[in-house]
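> this one's structure only:
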């Protein structure tokens, strides 16, 4: 007999998209203060930890971050701590994430065990 909730393991790939408003949007000279800070936050979790993160703001360059390179600027919480799995409508398909990631200049994801050591 299976359980209703599967534990997240290191081989699970999960993708999320969340709308947000940045508090520093009022300093943006590209548009009205009420619009400039709005955007989308995308996250790809490789197991419990974030593998890729992207922020999209209208009128600004996208921010693409990759684990192992941009760790100091990425979400520090594990998947369970974020609460994303309980947020209705937040989880998206891999194809949706990858379409936006590639459209904004992102490279193919390489899992940590497959990355070259430098």
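Happy to help now that I have it. Everything numeric here is computed off the predicted structure, so don't read it as measured data.
> Tell me the secondary structure at residue 109.
Three-state assignment for residue 109 (DSSP: H, G, I helix; E, B strand; the rest coil): coil.
> what number of residues lie near it?
By other Cβ atoms under 10 Å, the residues close to residue 109 number 17. All C-beta atoms are positioned from the backbone trio N, CA, C, and that covers glycine.
> Quick check, pLDDT for it.
Listed pLDDT for residue 109 reads 91.
> Touching, it and residue 45? I think so.
No: Residue 109 lies out of contact with residue 45 (Cβ atoms under 8 Å); the separation is 11.5 Å.
> can you list residues touching both of the two?
residue 51 (Cβ atoms under 8 Å, 6 or more residues apart in numbering).
> Quick one: residues contacting residue 92.
With Cβ under 8 Å, 6+ apart, residue 92 has these contacts: 15-17.
> out of those, who's nearest residue 81?
If you rank those by distance to residue 81 using Cβ to Cβ, residue 16 comes first, at 13.4 Å.
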